[in-house]
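Asks: take a look and give me a structure for this.
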Amino acid sequence: MNLMGEPLRVGDLVQVDEREVSPDTVAFYCDTFGDRHAYYAGETPFGGAIAPPLLYHSEVYANVPRWYLKNLVGNLHAAQEWYLFAPLRPGQRVRTRSTVIERYRKRDRDYVVNEVDCADEAGRLLVRGRTHQSFLAETLESGDGFVVDEKTAGKKRRRPVGEGAGPEVEPVELFVDREVCWRFSGPGRNYHTDPEEARKFGFPNIVVQGMLSTCLVSQLMANAFGEGWFAGGRMTLKLTNVLWADERIRARGKVQEEVLEGSLRRRSLEVWVEKDDPERTVVSVGSANALV
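Replies: Okay, here's the model as predicted:
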């Protein structure tokens with residue numbers, strides 16, 4: 001069994017578990033984001049209320065000693081993919097399986113890709129997530145003793161976003177205060193919820209969990225596409241900058257193209273999450289698509 005280091009091999013089974021989609025869990029998630037989508041409360045094209053598709057966004061982190069590398073200082077969530085096949089339903093029991101599917105090195109970081117499948121009791125695949133976690137190959141520090149701080153993060157080249165001619169969908173905003181951090185990444189003390197713990201891992205302040213950006217993009221797409229997002233949606237995001245506690249962010253999306261897919265059409269968007277600052281600092285950027 002791997003404990004924070006080698007050997008870690010592609011194909012390693014990290015964890016198998018079972019969860020119940022309880023109404024309390026759904027309500028807690030919706031309250032965290034202020035997400036009041038009508039499908040979570042009443043009738044839907046699926047024959048009853050459903051749950052947010054990324055309800056188990058952090059299932060991948062349920063057993064980090066089995067797949068994290070030794071050097072925890074400065075580790076970051078680098079990219080995330082989501083594939084939505086069928087909705088989660090309140091009262092349903094689901095089974096999750098976490099597997100290491102890829103390892104690679106890029107510049108001064110080692111990357112591990114962990115895939116989590118969420119299926120119903122009959123074995124139908126509901127949601128698949130792929131998490132790219134990066135670890136420093138060697139311990140590197142900025143001049144102030146931090147691996148990443150506001151100054152070094154601010155030096156990152158600004159990525160051009162939203163330059164296409166397509167229409168923009170209605171944005172979604174969230175102020176990520178410390179309570180939101182706790183609700184999303186708690187209840188324990190860790191570098192996503194507590195400043196002291198953040199400093200232990202080489203950061204000057206609470207680092208907002210990268211998965212939060214993906215949940216906000218999911219909310220954006222659910223509002224815009226409804227049924228076609230919950231059953232058929234896809235998302236690929238690169239997490240391009242650090243989001244710190246007590247910052248306001250906005251998820252945005254702009255239509256790029258639409259293609260035939262059987263009797264339906266798949267509409268693709270450029271999506272990004274930006275800080276509400278003078279530079280409109282981009283926290284994550286990528287693509288998402290849904291059936292229409």
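Asks: tell me the SS of the closest residue to Arg66 other than its chain neighbours?
Replies: Nearest non-adjacent residue to Arg66, counting by C-beta to C-beta, 6 or more residues apart in numbering: Val14, 4.5 Å away. C-betas here are computed from N, CA, C, even on glycine. Secondary structure assignment for Val14 (DSSP: H, G, I helix; E, B strand; the rest coil): strand.
Asks: just checking, Val14 touches Trp67?
Replies: Yes - Val14 is within contact range of Trp67, at 5.0 Å (criterion: C-beta atoms under 8 Å).
Asks: the more surrounded of these two?
Replies: Per other C-beta atoms under 10 Å, whichever of Val14 and Trp67 has more neighbours is Trp67, with 23 against 20.
Asks: all helices for this protein, in order.
Replies: With DSSP state H as the criterion, the chain has helices at 23-33, 150-154, 178-185, 195-200, 211-225, 227-230.
Asks: weakest of those in terms of mean pLDDT?
Replies: Among the helices of the chain, helix 150-154 has the lowest mean pLDDT, at a mean of 58.
Asks: which residues of the chain score low on pLDDT?
Replies: 1-3, 5, 139-159 (pLDDT under 70).
Asks: ok, Arg258 - contacts?
Replies: Residue 258: Glu, not Arg. For Glu258, the contact set (C-beta atoms under 8 Å, 6 or more residues apart in numbering) comprises 265-268, 292.
Asks: a markdown table for those residues, including distance to Ala62 and neighbour count?
Replies: Listed next are these as a markdown table, based on distance: C-beta to C-beta, whole Å; neighbours: other C-beta atoms under 10 Å:
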| residue | distance to Ala62 | neighbour count |
| --- | --- | --- |
| Arg265 | 37 | 13 |
| Arg266 | 32 | 18 |
| Arg267 | 33 | 22 |
| Ser268 | 32 | 17 |
| Val292 | 34 | 16 |
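Asks: as TSV, those residues with distance to Pro204 would be great.
Replies: Shown next, in TSV, are these (distance: C-beta to C-beta, whole Å):
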residue	distance to Pro204
Arg265	46
Arg266	42
Arg267	40
Ser268	37
Val292	44
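Asks: identify, from those residues, the entry nearest to Glu6.
Replies: When the contacts of Glu258 are compared for distance to Glu6 (C-beta to C-beta), Ser268 wins out at 39.1 Å.
Asks: check contacts around the closest residue to the closest one other than its chain neighbours.
Replies: The shortest distance from Ser268 to any non-neighbouring residue, by C-beta to C-beta, 6+ apart, is to Asn289 (4.1 Å). Going by C-beta under 8 Å, 6+ apart, Asn289 touches 233-234, 266-269.
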